[in-house]
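1. Turn this into a structure:
(chains A, B, C and D)
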Amino acid sequence: AAELAQYCLMLGDDALVYAHRLSEWTSRAPDLEEDIAIANLALDLVGQARLLLARAAAADSSIVPVLPEGSPVPDEDRLAFFREAGDFRNVRLAETPNGDFAELVTRLLVLSTWRLAIFERLVGHPDAVVSAIAAKGVKELAYHRDFAGRWFVTLAGGTSESRRRLTDAMRAVWPLIPELGEGTDTERTVGVDPAAVALEVGVVLDQVLAVGGMTAPDVPGLARVRGRAGRQGMHSEALSRMLAEMQVVARAHPRGRW
Amino acid sequence: AAELAQYCLMLGDDALVYAHRLSEWTSRAPDLEEDIAIANLALDLVGQARLLLARAAAADSSIVPVLPEGSPVPDEDRLAFFREAGDFRNVRLAETPNGDFAELVTRLLVLSTWRLAIFERLVGHPDAVVSAIAAKGVKELAYHRDFAGRWFVTLAGGTSESRRRLTDAMRAVWPLIPELGEGTDTERTVGVDPAAVALEVGVVLDQVLAVGGMTAPDVPGLARVRGRAGRQGMHSEALSRMLAEMQVVARAHPRGRW
Amino acid sequence: MQVDEAPLEKAFDATIGAGDRIEPRDWMPEKYRQTLIRQVAQHAHSEIIGMQPEGNWITRAPSLRRKAVLLAKVQDEAGHGLYLYSATETLGVSRDELTRRLIEGKQKYSSIFNYPTLTYADVGSIGWLVDGAAICNQVPLCRTSYGPYGRAMIRICKEESFHQRQGYELLMTMMRGTDEQRAMVQESVNRFWWPALMMFGPPDGDSPNTAQSMEWGIKRHTNDELRQRFVDMSVPQAEALGVTFPDPELQWNEERGSYDFGEPDWDEFWQVVKGNGPCNTQRIAHRKAAYDDGAWVREAALAFAAKARADEND
Amino acid sequence: MQVDEAPLEKAFDATIGAGDRIEPRDWMPEKYRQTLIRQVAQHAHSEIIGMQPEGNWITRAPSLRRKAVLLAKVQDEAGHGLYLYSATETLGVSRDELTRRLIEGKQKYSSIFNYPTLTYADVGSIGWLVDGAAICNQVPLCRTSYGPYGRAMIRICKEESFHQRQGYELLMTMMRGTDEQRAMVQESVNRFWWPALMMFGPPDGDSPNTAQSMEWGIKRHTNDELRQRFVDMSVPQAEALGVTFPDPELQWNEERGSYDFGEPDWDEFWQVVKGNGPCNTQRIAHRKAAYDDGAWVREAALAFAAKARADEND
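-> Purely as a prediction, here's the structure:
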């Protein structure tokens, strides 16, 4: 159960943290249609995060931060708002600060393709809750990937400016891809080994790149630190800044009702 | 004593909040010399804030936020890190998010000219602590004003680009000037009535503008809300975001020693 | 070719008189069209600018449930903007052109959005009071004479009512929380009460366009009528919530069967309308930055679509 | 005109041999000059890039006293960068040119700054371990053969010692605080210990330039000698502090009169050196943004100065 909890934290934190980055786009998108679409992406991921964090807490209550006696804060919120950066288990790609719209499209393409492949396999997970979360998530993530893919091809085939920006975005995102496939014992034991979907993810990305006439940049992966990366709580400087903002109101009111 | 405490909060918060904005420039200035100079400005203002907040706490302990029993956090830090945005008494010009270097120069010119005029009068204040803080501050603020004035004239006489940016900066800063001169009963009772220095401040600004060949923009002052502005705790949206960052570590450790 | 507009105008007047709707293909007086464009555009702009004050708290929402609710609400505002810009397009003005007018300060939006949101309780106050006032203003517009506008308003009002209930529910939940939360709610209500009253516009005596707009069925009640209705509706809600409004003159008038209330600060109102409100510059700068930053994306999408069409025609 | 360099080279060798200093006007072999430029520039870049990881916490410093200390420290780093760029200018390369080389990735800086700062304790760990390691590297450089560099190093080392004591004092204070603070210190030390050891460079066997640099008096001890000295110095400090280093092989070797210790992850070291470290891209992008954003200011200052000179000459 402790392993399942850790696994749900990983998937839940990916969703929570990336939803935050997406939500920062609100009222800033290139047009209203995209503003609405990006809010949808963020909403889907917040929804997934809630279910996964709640499942994690149910599987292992020892991971839930302790608040003052009588605090009405539910477990999902204790996990979201009362953990420190080093306790988060998301991959670093989820937390990277936002760039331009090309960066959004590129990162979303990678993260949603990868998450979709994982979720498709989790539909058959022995844990009924995880299985149900995955079944719901698959539909959402398929839409996310399609949205990203459509825009990727559009920017690739749009103007020289959009193609230049897309190229830069790929150079920024690609070094963070290897981390996605590295996997942990927890993932291999109670979930889906990311290495097992790496090939499939690569094929999908190659297809999208091919349609857009783009080439994957030849860049090495970002180094791990003494073997640790996001899944082991080794994050970038951006995460603690994100959390300072995300958690500020909740933490000011540990007994608050919202 | 309660009035004196409020007054010290006003002057202390101006320094603390503007020091934060200046400190955000660290490692981002146009050149190393300016990076060093801006850090000096921030250091001076942090120093002034510490003395003024400590004086405020000594004058009226009821304003100091209560922390868990046995907390070693000193009063100056309780006031800096454990008050909410609505409890801050700084003028809104101090909290405005940073713009470009022209904005820094323009805002610094206005704030330091104004603060210097106040501090010069406070040297004769009956409270020995306030008087000593003012005496020390006068030297610092004279340097701040000279730094700003030199750069103002440089940018005004530099390139068309620098002049355009300076013009934009003045349009951004000028609407926040009237608030500086409006004053509160507290200031009039136990400190210096800002209205009394408005003329002097105007003369200095006019001189600097004249040397640079710049004209003050014809823009109205920013509206107050039901008569309230920064001194009454009515701030912009930027302040609570600033405090989320500034206070995050201190608040996570209410019993912490640093 | 000179068209005799008299019979057209007669038909138009008859349609209005019968309470029927004018549709995009119908003839309409130019002044009616211009007034409508101004009003619908202003309403659309208000939805879009209105995303900012609440959007300010999405990243700081104190629970995941509230984060989802707030995201969805701000998303709805974008949707409302979208319907309303579509309605103006049936009147012959593009969204792009209207966005430019907004950014250049040539068209207005509701002044309420020039007030800052300072605590999370403001999300609730905006839902309860601001959306509440908007509904008072807008429900009559569901019967407005211009078809596309009226139909957009029906959908919008339905969603606004939902938002209002959500806002009220947030405040109600907070009032059941800690003392700090209750104080936060009261402080927020104190700040938003007067600006909400100002949302109905200046007193009738200072509102020159009201008469013509009512004749055309674009407006259906005077500012003061709607303001009174809003006050009468809100006071019992405040009592149920356990908060007060910051108006010492507020009291029940048995004779009128309505609440008497104090005068908003009309000087502040005009300052904000004229552009000197606490957040006017910030709101427009934010919108302009988003529009400018997105230009290359919109251009890329157009270029891509043009290439796709060219490929099809090959 | 061909100059016979042999007597010049002889004089140069004699100066070096006597332990005296080479000054800017003195003749020096081109390779010495180039090696020095590379070394001093790399050192200058390290000071400037080194402002970022600690600067990351200025706005979040948990007390006003610590905020002032940290601001002053980061400011000192800018000052060190300034002296060192001045030293390179005596070798004929401008600060502007060096900054361009840094931004374009043609010159390096100390790899330690490609590690992220993740908690406030990192400010202390950087002071204690990173500045400590830097001092071990730099103290011998106060006697380096090139005058301007050696004199800059004397001043820098003095300030670095002060910074090291401040960092250690921060950690000591935190260790007297809460359990969370103690855990924070230990976690931070765990992260910085190995990268600090890597600051001395690769093992002597993999450090091809060492011999020549030692001969020229630019370098005075091998990487492994300095690393051992640092370990021997740090272990008792860690004990006094109450923290451990994350190295199971660390233990006192009676025979050698030194501590044995494990091997740093040299694969990670080379990855970071090659540019794939956790923060390489971020650090350079930050520096580039500051440099680019400041271009118009530097241009304005030059234009203004030129006009002022022209006015004087009128």
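2. any idea how far the residue in the stretch 1-150 of chain C that chain D sits nearest to is from chain A?
-> Residue of the stretch 1-150 of chain C nearest chain D, by Cβ to the nearest Cβ: C:Arg60 (16.4 Å). For glycine as for every other residue, the C-beta is placed from the backbone atoms N, C-alpha and C. For C:Arg60, the distance to chain A equals 5 Å [Cβ to the nearest Cβ, to the nearest Å].
3. The residue nearest to that residue when sequence neighbours are not counted: which element?
-> Closest residue to C:Arg60 apart from its sequence neighbours, by Cβ to Cβ, 6 or more residues apart in numbering or on different chains: A:Val249 at 5.1 Å. Secondary structure assigned from DSSP states H and E places A:Val249 in helix A:248-252.
4. Where does the closest residue to A:Gly221 other than its chain neighbours sit: helix, strand or coil?
-> The shortest distance from A:Gly221 to any non-neighbouring residue, by Cβ to Cβ, 6+ apart, is to A:Pro178 (3.3 Å). Secondary structure, DSSP: H, G, I helix; E, B strand; the rest coil: A:Pro178 is helix.
5. so how many other residues sit close to A:Pro178?
-> 14 (other Cβ atoms under 10 Å in any protein chain shown).
6. coming back round to it: which residues touch the residue of the stretch 1-150 of chain C closest to chain D?
-> With contact taken as Cβ atoms under 8 Å, 6 or more residues apart in numbering or on different chains, C:Arg60 is in contact with A:Glu245, A:Met246, A:Val248, A:Val249, B:Ala244, C:Tyr120.
7. From C:Arg66, how far out is the spatially closest residue to A:Ser112 that is not a sequence neighbour?
-> Spatial nearest neighbour of A:Ser112, excluding adjacent residues (Cβ to Cβ, 6+ apart): A:His144 at 3.8 Å. Separation of A:His144 from C:Arg66 (Cβ to Cβ, to the nearest Å) stands at 23 Å.
8. cool, A:Asp206 as well?
-> 41 Å.
9. okay, the two: which has more neighbours?
-> The neighbour comparison of A:Asp206 against C:Arg66 (other Cβ under 10 Å) goes to C:Arg66, with 22 against 12.
10. Surely that one is in contact with A:Arg257?
-> No: assessed by Cβ atoms under 8 Å, C:Arg66 is found out of contact with A:Arg257, at 10.7 Å.
11. mind listing the strands for the chain?
-> Picked chain A for this. Using DSSP state E, chain A contains no strands.
12. other chain: chain C
-> C:251-253, C:258-260.
13. what's the closest of those strands to A:Ala223?
-> strand C:258-260 (67.4 Å; Cβ to Cβ).
14. residues in contact with A:Ala56?
-> Contacts of A:Ala56 (Cβ under 8 Å, 6+ apart): A:Leu4, A:Ala5, A:Gln6, A:Cys8, A:Leu9, A:Gly12, A:Ile63, A:Leu79.
15. Identify the spatial nearest neighbour of the closest residue to chain C within the stretch 51-200 of chain A, chain neighbours not counted.
-> Nearest to chain C in the stretch 51-200 of chain A, going by Cβ to the nearest Cβ, is A:Gly158, at a distance of 2.7 Å. Closest residue in space to A:Gly158, ignoring its immediate chain neighbours: C:Ala300 at 2.7 Å, by Cβ to Cβ, 6+ apart.
16. from the middle of its chain, how far away would stretch A:247-258 be?
-> 24 Å (Cα atoms, centre = their mean, to the nearest Å).
17. Identify the spatial nearest neighbour of the closest residue to chain B within the stretch 1-150 of chain C, chain neighbours not counted.
-> In the stretch 1-150 of chain C, the residue that lies nearest chain B is C:Pro116 (4.6 Å; Cβ to the nearest Cβ). Spatially, and ignoring its direct neighbours in sequence, C:Pro116 is nearest to B:Glu237 (4.6 Å; Cβ to Cβ, 6+ apart).
18. A:Glu33: neighbour count?
-> By other Cβ under 10 Å, neighbour count at A:Glu33 equals 13.
19. Tell me how far stretch C:264-279 lies from the chain's centre.
-> For stretch C:264-279 - counting by Cα atoms, centre = their mean - the centre lies 17 Å from the chain centre.
20. can you check stretch A:242-254 too?
-> 20 Å.
21. now stretch A:231-244
-> For stretch A:231-244, the distance to the chain centre is 13 Å (Cα atoms, centre = their mean).
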